[in-house]
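Engineer: What shape does this take:
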Amino acid sequence: MEEGVKLRLRRELFDAMDDGEFEGVFAEIRSQMGPRNPDGSLKREGGTSAA
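Structural biologist: I've put the predicted structure just below:
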């Protein structure tokens, strides 16, 4: 039964991703994650940091 629940949830997740429901969430995660400078700040395009 547990495998059936996992399969159903996995299908629901992929359906939501296909429908674009997670684009805002993924964009926010991408903006907060990424390569870091030696001081711990995020690297940004052009080599400038977010801090």
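
Engineer: Can you list the low-confidence ranges for the protein?
Structural biologist: In the predicted model, the chain carries pLDDT under 70 at residues 45-51.

Engineer: quick check: longest helix of it.
Structural biologist: helix 2-18 (DSSP state H).

Engineer: what's that helix in contact with?
Structural biologist: Helix 2-18 is contacted from outside by Phe22, using C-beta atoms under 8 Å, 6 or more residues apart in numbering. (C-beta placed from N, C-alpha, C; glycine too.)

Engineer: now stretch 33-45, how far from the chain's geometric center?
Structural biologist: 17 Å (C-alpha atoms, centre = their mean, to the nearest Å).

Engineer: quick one: what helix or strand has the residue nearest in space to the middle of the chain in it?
Structural biologist: Per C-alpha atoms, centre = their mean, the C-alpha nearest to the average position across the chain is that of Phe26, at 3.7 Å. In this assignment (DSSP states H and E), Phe26 forms part of helix 23-32.

Engineer: Let me see the residues that make contact with that helix.
Structural biologist: Taking C-beta under 8 Å, 6+ apart as the rule, helix 23-32 contacts Leu42.

Engineer: how about 10 Å then?
Structural biologist: Met17, Phe22, Leu42, Arg44, Ala50 (C-beta atoms under 10 Å, 6 or more residues apart in numbering).

Engineer: For the third one, list each beta-bridge partner.
Structural biologist: The partner list for Leu42 in beta bridges (DSSP bridges) reads Arg36.
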